[in-house]
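K.L.:
build me a model:
(4 chains)
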Amino acid sequence: MSAMLLNKEKWPDFVGKLTGKQLWAPQIKDEQLRFAPVAEGEEPALDYKNTRVPPKNVVFPQTETLFRFQVDGEEVDEPKLDEEVVLLGVRPCDARSMVIVDKLFSWDYDDPYYARRRELVTMVGLACSEPGLNCFCPSVGGGPASTEGLDLLMVDLGENYLLEAITEKGEALINETKELLEETRDANLEQKEKVINEAAQKIKRSIDPEGIPVGLPGLWEDSLWQRVSASCLGCGTCTFLCPTCHCFDIQDETEGFESRRCRTWDSCMFEEYTLHTSGHNPRPSRLERTRNRINHKYNYYVDKFDVIACVGCGRCINLCPVNIDIVEILKQVKEAL
Amino acid sequence: MTDKPKVGVYICHCGINISSTVDVEAVEEFALKLPSVKVARTYSYMCSDPGQALIKEDIKEQGLNRIVVASCSPRMHEPTFRKAIQEAGLNPYFLEMANIREQCSWVHEETEEATAKAKKLITASVAKVRLLEALEAKEVDAEPAALVIGAGIAGIQAALDIADAGFKTYLVEKTPSVGGRMAQLDKTFPTLDCSACILTPKMVDCASHPNIELLSYSEVEEIGGYIGNFDVKVRKKARYVDFDKCTGCGECAAECRVANRIPNEFDQGMGKRSAIYLPFPQAVPAKYTIDPENCLYLSKGKCGKSPKCQDVCGAEAINFEQEDEIVEFKVGAIIVATGFDPFDASRKPEYGYDDYPNVITGMEMERLVSASGPTGGKVMISNGEEEIEPKEIAFIKCVGSRDESVGNEYCSRVCCMYTAKQAHLIRDKLPDANIRIYYMDVRAFGKGYEEFYDRVRRENVRYIRGNPSEIFKRGNKLVVKAENTLTSTPVEDEVDMVVLGVGLEPRAEMRKVMDLLRLSQSPDKFFLEAHPKLRPVDTATDGVFLAGCCQGPKDIPDTVAQAKGAASSALIPLARGKVTIDAQVAEVNEATCRGCGFCVEICPYTAIEMTTVNRFGHEVEVARVNEALCKGCGSCSAACLSDSIQPKSFRDRQILPQIAALGVLK
Amino acid sequence: MSANNEPNIVAFLCNWCSYAGADLAGTSRVHYPSNVQVIRVMCTGRVNPLYVMNALQQGADGVLVSGCHPGDCHYMEGNYYARRRLGMLKDLMEFVGVDPRRFHMSWVSASEGHKWKEVVEKTVEDAREAGSFEGFRRRQIDW
Amino acid sequence: MDLEKLRETAAEVVAREDVKYLIGWKNGSYGYRVAPAFIEDAEGAAELIFSPLCISNLSTYLTLVEKLPLPRGQEPDTRKIALMVKGCDSRAVTQLLVEKGIERDGVVVIGCPCPGMIDYDLLAEKYPETEGLSEVKWTDDGFLVIRDGEETNVTRDELLAEKCRLCRYPNPLISDIMLGEPVETWEPAEDKGVEEVDKKDVNGRWAYWEEQFSNCIRCYSCRNVCPLCYCQDCILDRLNPTWVNRAVNFSENTAFNIARAFHLAGRCIECGECERVCPANIPLGRLNRKMAREVRDKYGFEPGLDPEAEPFQASYKPDDPEDFIL
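P.N.:
The predicted structure follows:
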């Protein structure tokens, strides 16, 4: 795989090349950094830590039509998925999250919608040089320049971006834009190491997950769950902003006699999550739901797929309205072990 | 589980009323393509027997379970088609009508637009009918008894009719005697029957009727329940006289230390009574009552050495220890006959009622001319200086009626005639008196009224058109200042006596009854009937009926007629022994109700109350609908934030698809 | 709006006054635009204000709620509640930027067939001026 | 406020046999964060704080706590919940009483007169949050920010939260125990946020909200944090009928937000929590305050002042405005 340099002066041309496809990148909209389609002439905004909402929407839309039908009818009409997407400026944690979620969507059943969208997306990552206050990716197997899930990694070297192809898709992208790129020198790679090491140094928060996955089942009845869930509002902020959360709900939506079956993100923190038709809910309160969130990420997923379903992006900590802090919860878990 | 909906759509030509504007064949073709529609047909008159037969046949043969009839307004034929589908074995509430006549073919000219609209309306009806639920009109037993509130002529008549029909009747009267206003009257117009002579037998009847339980000197305290099953609580006020022991001899009253010192209500305060009293000689029941406010013993704790009444009562009926008693019973229907108050003439200060003793009201005049009145029927009046027999007499009509300045726009309906009657009575007693009647209009609409008015005019009673503006004193005379509007001349007549033809007003205390029975007032402040023309004795509360002047001013024949009407209405549930409760009522989902009570606040029928239920070990408050009181208006539902109370057949889940169906068709 | 650019209007009428008034308009053969489709409810008090939002979301360009005049409600007070609720909704919708011409409320009694015609005409005219409301449609985005 | 007094009082309250626990504020896990605290003993009471960072309205927990099914024969714990409230929060308690969401003798209300809270976003923007815990105190004319040992005086105007600028009830209106003396009320500022929207034309307003509502991710934090959104089963979660589809798009998001704002009309006590917690930064407070203003100006009604008041949405006046009626 090749590594190339992109001088920042050529950045607009580089972006211009990509806008021929469906290009998604962080942009400032309504004073907020968010992933959004980049129209021609628009610039991605890369000088920020990370978007509030992760880009999982691109492969796992918050609302997705599975098929359409008529009430009382018998035919279904499935949407066509064939548009290629380039996700530019994705942070390593978010890219890693997709690799983690892939396991679920290709486990007992290959989810055709998810698989197709994954196929259609090219992930162009941007290594972190200024991690956020609540980042803890190294604790859970990631890092500021992790390449997992990326097709291409960009590292900001000041005047240049270093572009490293990770996959064939990334290689193809380098080929397509070759005329804008320069060859790398050794100094560039050293510089890259420096940038990444410095970034890693700046990460303040950490937790050693050693022992947590195996220990969690033993804490099922521990009083810590009551403590950490008491203030939970039961909103979906932590899960909707989590790049690895992937629960969904399937609904038939009807208007008049037209219907569609669609799926939408669901959140294990919602009261109606796992609510049975009978009215019984095996997770009747915020306690069980909070416990489920942590267990799902740090135990069930590890059991099943041998990986923690948390990438340490810190979003849930940043935006929890009542300061429920997953690192603090994990610390309490460790203490209780 | 309900079956999958199989809808039949029936499109009526209505002769050519619909089909000349709506392309019914095109609509039929369209309807067949709608979801769940198995059959669509057109027919010349769907409401005709063959039209209905068509529907019934399809229900039986094609297994239809939901019916849409696209024809005239549901206000017209909904009952017809409900009955038809019920006869074919379907639940009558599995019907929805699309109004393609009144609201389509008759109001749109172009076939294209009318047809397009008919399609939309049918689409919406199909969308709703698929989701309708089977409903059952419930029946509950009705208590075979009635309550009549107020024992004036209206209440007496209503009670007698119900009792005569064989049902127990509770007749509650606030004052110590039945009889009401009519008992105070002297003669009645236009026949000049003696009021007491025709009323007294009825009063006696109702006291002795085996089916009537007379609760005099009593007030209704609480009414709960609903038609067929009202729970009534009545307070029998303490009379301080043992009802059973009192013989009505009257010795107590004669001996009372405050005898002849207390203004007698029955005589409009013109006569005097004792603290222990019988309101009037013919009072029923003929039992004495102590007025606790004026009785020295009861109000001050001391009456000489010992109360004289107690001393003289041979029957030992006086009991100062007596307390109010609460009586409870159940009834199936209620008649409100609480009557009226005469207009308070003080509210027209220009007429000097408060200033001059010789300005009196019509009601006072009744007592003055009555042989049993304070003067024994002699027309004598004080002019402020001395008692005189008036020579110059003026009547003023419409005092407190048809008068926006006092808030009464209505006509009191009796003043024209009672004034004429009183003029006639005075003419009888004082052949030489000069009698003038100031009037705006003369309304002599009843049977024999115009004739009577003519007769009075021929008896040298002068009718002067013009309402007086002022009455003032000049010497020992009163001056009536007016303008004769027929001749446009100002008039200043000096008279000895003025009779104010006061109108009728709602009872001052009617609010209490309103609250007890959830009644409303019409703009004139009298009780509001359910419909001014077609349900004049009904109220918005099922099982509660109105009789007499509480509903609006009436003369005696109208009052009696209405009382009989109210009685016959009240007899319906009693005679049937059952009441049918509307099926389209609201229902609470107790699992989702959050107990905020918004619906309780809103319901105009107090059909909703909070009740405590046990939700998995926790006591929680939820709303519950009393189906017998609910009218299905749905006002509660629109305010329910958790969507937990829903009127059947008009549930959100039935209406929202209708909305959607109207939106999707372009 | 339909293909011929005509506004689509959903009207909620109370059974006792306005629906009867609309029936009377029919009996009197009063002609008026066909854009208004009526949903009959027992009382305007039944009209959940969110119906208005729902109708606009599902294809209506305008919504009308009509009931008995104040004091004439068959259920005594339903129209008073409706007036308060829908007045508030109208304020909210205006603040959100829904053209006020898209939502009207009226009092039409059972004897006011001609008033019904006028109300329909006004409602249609206003909705026509406000234009199509495709921007709020339920199925616009990802159906 | 005297923190010793607060902690002492709290310790006394939680020591009472009829009190289950006390809900107050404590320091969060880092930076300026403050977290709700559920205190059951004196040790816990020692953690309590009351500072310009205690902006959250804790009264939502009164109805948020689940009533889980009890095993047969087990009696529910009906002990009182003690709750610390600021002026705005106290109105939520009152409104909950009006709506029978809570019972008066089920709560011990501890009033905290409030000199005004800090806008967290403004603060973090000017004085970025650090890993360690920072402290903010009231001074005579503003705030003292203590960050990593460094003290900075900031004027009140610079950091005061919007809801506090508009506040008319800084002192608790209902309480069983009042901590400290009432603060002097201040002249409420003009509601520039509502005015900014108000002065746009109707299409401008639609465009404004279209942009805002498009950002909504339907996490329902606005609803869940609201002390007055306490239905067991919210109609916006309901499927039969479906008022608002689960689909997240501009149309459904708009419907959701209109429905939410409408349900709060005449009920919202303007604590601003919905806006504070919104991860998409939608200025939800503007919707609620606009409705509150209409209800106050046109109908002469303010919720959360009188526990005996008729609920606004369940009452009417014969002379309610009807200028909008054709």
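
K.L.:
what values do phi and psi take at the closest residue to chain A within the stretch 51-200 of chain B?
P.N.:
Scanning the stretch 51-200 of chain B for proximity to chain A using Cβ to the nearest Cβ identifies residue B:127 as nearest, at 7.1 Å. (Each C-beta comes from the backbone N, C-alpha and C, glycine too.) Its backbone dihedrals place residue B:127 at phi -60, psi -40, with angles given as degrees, to the nearest 10.

K.L.:
count residues in the vicinity of it, would you?
P.N.:
The number of residues packed near residue B:127 is 28, by other Cβ atoms under 10 Å in any protein chain shown.

K.L.:
do the same with residue A:161
P.N.:
Based on other Cβ under 10 Å, the number of other residues close to residue A:161 is 22.

K.L.:
which positions in the stretch 51-200 of chain A make contact with chain C?
P.N.:
When proximity is defined as Cβ under 8 Å from any Cβ of the partner chain, the stretch 51-200 of chain A approaches chain C at A:61, A:63-65, A:68.

K.L.:
now, which of those residues lie within helices?
P.N.:
Where those are compared with helices, as defined by DSSP state H, there is no overlap at all.

K.L.:
residue A:183: which of those is nearest?
P.N.:
residue A:61 (38.9 Å; Cβ to Cβ).

K.L.:
let me see the confidence value for that closest one.
P.N.:
Confidence per residue is given as pLDDT, and for residue A:61 that number is 95.

K.L.:
ok so, going back, want to throw the residues of the stretch 51-200 of chain A next to chain C into a markdown table with neighbour count and distance to residue C:131?
P.N.:
Shown next, in a markdown table, are those (neighbours: other Cβ atoms under 10 Å in any protein chain shown; distance: Cβ to Cβ, whole Å):
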| residue | neighbour count | distance to residue C:131 |
| --- | --- | --- |
| A:61 | 19 | 31 |
| A:63 | 22 | 27 |
| A:64 | 21 | 31 |
| A:65 | 18 | 28 |
| A:68 | 19 | 28 |
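
K.L.:
ok, the residues you listed vs chain B, which is closest?
P.N.:
Of all these, residue A:68 has the smallest distance to chain B: 13.5 Å, by Cβ to the nearest Cβ.

K.L.:
tell me which residues form a beta bridge with the closest one?
P.N.:
Note on residue A:68: beta-bridge partners residue A:77, residue A:260, judged by DSSP bridges.

K.L.:
ok, it - contacts?
P.N.:
Going by Cβ atoms under 8 Å, 6 or more residues apart in numbering or on different chains, residue A:68 touches A:76-79, A:258-261, C:143.

K.L.:
re the thing from before, list the ones among the residues of the stretch 51-200 of chain A next to chain C that fall in strands.
P.N.:
Secondary structure defined by DSSP state E assigns A:63-65, A:68 of those to strands.

K.L.:
tell me where chain C has helices.
P.N.:
Ranges of helices in chain C, per DSSP H, are C:18-27, C:49-57, C:78-96, C:113-130.

K.L.:
repeat for chain A
P.N.:
In chain A, helices defined by DSSP H lie at A:11-18, A:92-105, A:112-120, A:168-176, A:186-202, A:212-215, A:224-229, A:237-240, A:286-295, A:301-305, A:315-319, A:326-336, listed in chain order.

K.L.:
could those helices go into CSV alongside distance to chain B, mean neighbour count and mean pLDDT?
P.N.:
Listed next are those as CSV, based on distance: least, Cβ to the nearest Cβ, whole Å; neighbours: other Cβ atoms under 10 Å in any protein chain shown; pLDDT from 0 to 100:
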stretch, distance to chain B, mean neighbour count, mean pLDDT
helix A:11-18, 40, 17, 88
helix A:92-105, 33, 23, 96
helix A:112-120, 26, 16, 95
helix A:168-176, 42, 17, 93
helix A:186-202, 48, 14, 92
helix A:212-215, 33, 17, 96
helix A:224-229, 19, 18, 96
helix A:237-240, 24, 26, 96
helix A:286-295, 16, 22, 96
helix A:301-305, 33, 16, 96
helix A:315-319, 28, 23, 95
helix A:326-336, 29, 18, 96
